[in-house]
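[1] The following comprises the amino acid sequence and a computationally predicted model.
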Amino acid sequence: MKVKIQSKEKMNAEIAQLFINTVKENPNCILGLATGSSPLGVYNNIINAYKAGEVSFKDVKTFNLDEYVGLEGTHEQSYRYFMNHNLFDHIDINKENTHVPSGTGDYEAKAQEYDALIEQAGGIDLQILGIGSDGHIAFNEPGTPFNSLTHVAELAESTIQDNSRFFNSIDEVPTKAVTMGLASIMKAKKIVLIATGLNKADAIKGLLLGFITEQLPCSVLRNHPDVTIYVDRDAYSKVGI
Ligand code: F6R
């Protein structure tokens, strides 16, 4: 696992360039995408590169990590809406090639098909991840088995609290999500994880220095051959203490 301690600006530029290079090398590549605050700067840089004519996404396929249960894609807090609004609407990707797990209808059955869909597409070439303050990746909360595939998960209290900043009140935050599992994520060929801010410092300390344990879901990444962790000084601040 590589660790890069950088300013937000530098990591956003570097990770965006990694995505752009991946697409340029293989215009039919499969990208694994995340929502939340962490990847926003990367997505902005990707949009700017597209607008500057540097890259085209017309043959790219994407798979997102997760979606809240109960929110339609038109709901402003749904992850489908987030992706359209923050990336897909601004680049030349074919929306039919963009996959976000379904949080409504027969979402349980669709969750069971999601891993097969990824495999049929050829598997994820490059996956971007954020990290929860409790060490979750996607919505795999502490205690999630390392061999989990895409499934319906209960959100931890701390995650509901963290994510309430995007809703009018904490009561509106969904309590369940459809999420790629830890085994699904580990199948990606290359993984980059972004962590910024003091509230990620405990999770990063555990990830870099702690045991590999299902109690810290992100620690599974230590078993992956190609992971780079991008941290700012705040997120790295408890390593070495
Ligand atoms: C989002 C996701 C989550 C977030 C994590 C960090 O698709 O899978 O695991 O990456 O909750 O969220 P932010 O980036 O908002 O701090």
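    Now that the structure is in, tell me what you want to look at.
[2] In contact with residue 112, which residues?
    149, 150 (CB atoms under 8 Å, 6 or more residues apart in numbering). (Each C-beta comes from the backbone N, C-alpha and C, glycine too.)
[3] so does whatever helix or strand it lives in get close to the ligand?
    Per DSSP states H and E: residue 112 is located in helix 107-121. No: for helix 107-121 and the ligand, the contact criterion (CB under 6 Å from any ligand atom) is not met; the two come no nearer than 14.0 Å.
[4] Okay, buried residues for that helix please.
    Neighbour counts over helix 107-121 (16 or more other CB atoms under 10 Å) mark 107, 110, 111, 114, 115, 118, 121 as buried.
[5] The last one touches residue 63, doesn't it?
    Okay, so that is residue 121. Yes: Residue 121 lies in contact with residue 63 (CB atoms under 8 Å); the separation is 7.5 Å.
[6] what residues do the two have in common as contacts?
    residue 30.
[7] Around the ligand, pick out the residues from the protein.
    Going by CB under 6 Å from any ligand atom, the residues of the chain near the ligand are 34-38, 65-66, 130-132, 136-138.
[8] circling back: for the buried residues of helix 107-121, which one is nearest residue 176?
    residue 107 (9.4 Å; CB to CB).
[9] For the closest one, give its distance to residue 62.
    For residue 107, the distance to residue 62 equals 19 Å [CB to CB, to the nearest Å].
[10] Let's have the buried residues of helix 107-121 in a markdown table, adding pLDDT.
    Formatted as a markdown table, these follow (pLDDT from 0 to 100):
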| residue | pLDDT |
| --- | --- |
| 107 | 97 |
| 110 | 97 |
| 111 | 97 |
| 114 | 98 |
| 115 | 98 |
| 118 | 98 |
| 121 | 97 |
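[11] Show me which of those is closest to residue 10.
    Of all these, the one with the least separation from residue 10 (CB to CB) is residue 118, at 30.3 Å.
[12] Next, find the distance separating that closest one from residue 190.
    From residue 118 to residue 190 the distance is 15 Å (CB to CB).
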